[in-house]
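K.L.:
Okay, sequence plus prediction incoming.
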Amino acid sequence: MTTATEVRCTSCGARNRVRPSPTGVPRCATCKAHLPWMVAAGESSFEDEVTAAVPVVVDFWAPWCGPCRAVKPVLEKAAAAHAGRLKVVEVNVDEEPQLGSRWGAMSIPLLVVIKDGREVDRIVGALPPAELDRRLRPFIPAPSGA
C-alpha cells in the first residue's frame, strides 16, 4: 500500500497530501497551483511512484554520500521549477539495497530518467546544476500555453 506524501505549495504555502498517480499531476487543494512532486520510495511503493503521467527522475542516493547531498537541493529546485511536468523519486540505497541492485546503482548518486514507463537516460555522479538541467530539459514537456 502506498502512502501519501505531504507537500507544501510553493504558491500559497498550504500543506497537501499527495499520492502516486499514473494519470494526473498534483495540484494544491487551496490555490490549485501545480505542486512540486518529490517523494521517497521503497520496494513496496516504487512501481506506483515511477508510474506517472510526467517524466520521473529516480535519485538513488545514501545519507553518507556527499555528492548525493549536493544533488538533492538541485533536484528540489527542478521539481519546483517544473511542477506539474516532472516527478522526482528518491531511493535510499542503504534502506533499499534490492532496488539499487535491480537498477544497477553501482555508483551514487545515480539519476535514472523514466519517461512513458521506460528508462531514457542515466546520469552517474553529481553534475553541476546547469549541466544537470541541460541533461533533463529534453525530457520535460514545455509549460502549457508556451
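P.N.:
The structure has been received and is ready for your questions. What you are looking at is a predicted structure, and each value in this text was computed from that prediction instead of being measured.
K.L.:
Below-threshold pLDDT in this structure: ranges please.
P.N.:
1-2, 145-146 (pLDDT under 70).
K.L.:
That one: strands as residue ranges?
P.N.:
All strands of the chain, identified by DSSP state E, fall at 5-8, 15-18, 37-40, 56-61, 87-92, 110-115, 118-124.
K.L.:
what are the bridge partners for the most centrally placed residue in the chain, then?
P.N.:
Central residue of the chain (C-alpha atoms, centre = their mean): residue 88, 0.3 Å from the mean position. Beta-bridge partners of residue 88, counted by DSSP bridges, are residue 38, residue 57.
K.L.:
show me the contacts for it.
P.N.:
Contacts for residue 88 (C-beta atoms under 8 Å, 6 or more residues apart in numbering) come out as 37, 38, 39, 56, 57, 59, 75, 76, 78, 79. The way it works is simple: take the backbone N, C-alpha and C, and place the C-beta from them, glycine included.
K.L.:
Out of those, which comes closest to residue 19?
P.N.:
residue 39 (9.4 Å; C-beta to C-beta).
K.L.:
can you pull the buried residues of the helix of greatest length in the chain?
P.N.:
Longest helix of the chain, by residue count under DSSP state H: helix 66-81. Within helix 66-81, the residues scored as buried using 16 or more other C-beta atoms under 10 Å are 68, 71, 72, 74, 75, 78, 79.
K.L.:
One more: stretch 39-57?
P.N.:
Under 16+ other C-beta under 10 Å, the buried positions of stretch 39-57 are 39-41, 45-46, 48-50, 52, 54-57.
K.L.:
any idea which of the residues you listed is the one closest to residue 18?
P.N.:
For the buried residues of stretch 39-57, the residue nearest residue 18 by C-beta to C-beta is residue 39; the value is 7.3 Å.
K.L.:
what's near enough to touch the closest residue to the closest one other than its chain neighbours?
P.N.:
Distance criterion C-beta to C-beta, 6 or more residues apart in numbering; nearest residue to residue 39, sequence neighbours excluded, is residue 5 at 4.5 Å. Neighbour list for residue 5: 17, 18, 19, 39, 40 [criterion: C-beta under 8 Å, 6+ apart].
K.L.:
Pull the contacting residues for the last one.
P.N.:
Contacts for residue 40 were tallied using C-beta under 8 Å, 6+ apart; they are 5, 89, 90, 91, 92.
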